[in-house]
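Novice: following is a predicted model, sequence given first.
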Amino acid sequence: MNLWWQVPLLLCALALAVALVAAIVALRQTLHRAELLLARLEQELPPTVEELRGLTREAQLATHEARNSVARVSAVVDRVGQVADGVGGLVGGLAGLTRVGQLVGIAVGLRKGVDVFIRRLAGPKGGGHGS
């Protein structure tokens, strides 16, 4: 080969070697940064996971308390329904008593009216209004 072909080839090989060394140095720096990042994550991850577990436990407790509250409210609502049914029956009974009371009042009034009518029929003929 001629010298004028060897010089450009040597320059290309040298440029390629320099680029390869630069890429290796950059890769080494990237790997070093990744190692630092992983070390930092390794330090910060356990406390974060522990906090997450604590929050999960608190959420479970809150859910349990909410279920208990809903169960208590449900029991109260059922009891209120039972009481309302009882009050409804009582009101129905009182309505029946009111009707019976009205009928008794009418019967008493009729009896008194009949008694007055009979007394007046059986009384003196003078009418007794003025006496």
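Specialist: Cool, the structure landed. Numbering: from 1, shown residues only.
Novice: so what's Val21 up against?
Specialist: Shown in contact with Val21 (CB atoms under 8 Å, 6 or more residues apart in numbering): no residues. C-beta: built from backbone N, CA, C; applies to glycine.
Novice: gap between the helix or strand where it lies and the chain center?
Specialist: Per DSSP states H and E: Val21 is located in helix 3-122. Taking the mean of its C-alpha atoms, helix 3-122 sits 5 Å from the chain's own mean (CA atoms, centre = their mean, to the nearest Å).
Novice: low-confidence ranges, this protein, go.
Specialist: 1, 124-131 (pLDDT under 70).
Novice: what do you get if the cut-off is 90, keeping everything else the same?
Specialist: Per-residue confidence for the chain (pLDDT under 90) gives these ranges: 1-9, 45, 73-74, 77-131.
Novice: tell me the centre residue of the chain?
Specialist: Nearest to the mean C-alpha position of the chain, counting by CA atoms, centre = their mean, stands Ala66 at 7.2 Å.
Novice: distance of that one relative to Arg72?
Specialist: Applying CB to CB, to the nearest Å, the value for Ala66 to Arg72 is 11 Å.
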